[in-house]
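>>> I would like to see how this sequence folds:
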Amino acid sequence: MSSHRLKIITILVTLAALLVISIVRYGKILDERALEIPDEKAAGMELLTRKLSGPGYFQDVTKNPGAVTGDEGPWITPDEARSQFDRVVNERKFGGDQSDQVRKLIEKLTEPHPSRLVGSDRINLNKLNLAVDQIGK
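The predicted structure follows:
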C-alpha cells in the first residue's frame, strides 16, 4: 500500500471518529435540554403556588403567559388583589376585623416594580396568600 493511500485512510478514520464523537455529544446536549430539571427554589415556588390555589386564595386572574413570575413567585397588581377581595373574604368567612386585616395586607405588601419606569406596583401572590392564611388561624 502506498504512503499516499495510508494517509488518506488515516484521514478518513480520523474524520469518522470525529463524526461519531460529535454525534454522541450532540445527543447528550439534546438529552440535557429535554430533561431540564428546575432548581430547588423554582420547584418550591411551583409547589407553593399549587398549594395556594382555590376560591379562598388570591389568584393570577390574567393568566398572562408574559406575566412576571421569577424566583420569588408570581405577582399581581394591587387592583387585581382588590378585585378578588370580596371573593376571598367571603370564601374564608372572615368577619369585619379579619377583612380589615386583609385590606391592610394588600396595602402593606404592595411594592414598586423593580424597573419603576416600566412596570406598575405589584404584590407577591405567594406572600399575600400565606399572610392571609395566618389571619385565619
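>>> Show me the protein divided up by domain.
If you go by automatic domain parsing, the domain ranges for the chain are 1-36, 40-135.
>>> Return the most buried member of these.
For the domains of the chain, average neighbour numbers computed from mean count of other C-beta atoms under 10 Å are highest in domain 40-135, which has a mean of 15. Any C-beta I mention is one placed from the backbone N, CA and C, and that applies to glycine too.
>>> how distant is that domain from the center of its chain?
Its chain's average C-alpha position is 14 Å from that of domain 40-135, according to C-alpha atoms, centre = their mean, to the nearest Å.
>>> Listing request: residues of the chain with sub-threshold pLDDT.
Counting by pLDDT under 70, the chain contains low-confidence residues at 1, 24-40, 42-43, 63-73.
>>> hey, where'd the strands end up in it?
Secondary structure of the chain, counting by DSSP state E: strands at 75-76, 123-124.
>>> ok, the last one: who's next to it in the sheet?
Paired strands of strand 123-124, with direction, are strand 75-76 (antiparallel) (DSSP bridges).
>>> and residue 55, what does it touch?
Under the criterion of C-beta atoms under 8 Å, 6 or more residues apart in numbering, the neighbours of residue 55 are 87, 88, 91.
>>> Dump those into TSV; add distance to residue 127 as well.
What follows is these, written out as TSV (distance: C-beta to C-beta, whole Å):
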residue	distance to residue 127
87	19
88	15
91	19
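>>> quick check, nearest of those to residue 120?
For residue 120, the closest of the contacts of residue 55 turns out to be residue 88, at 21.1 Å, with distances computed as C-beta to C-beta.
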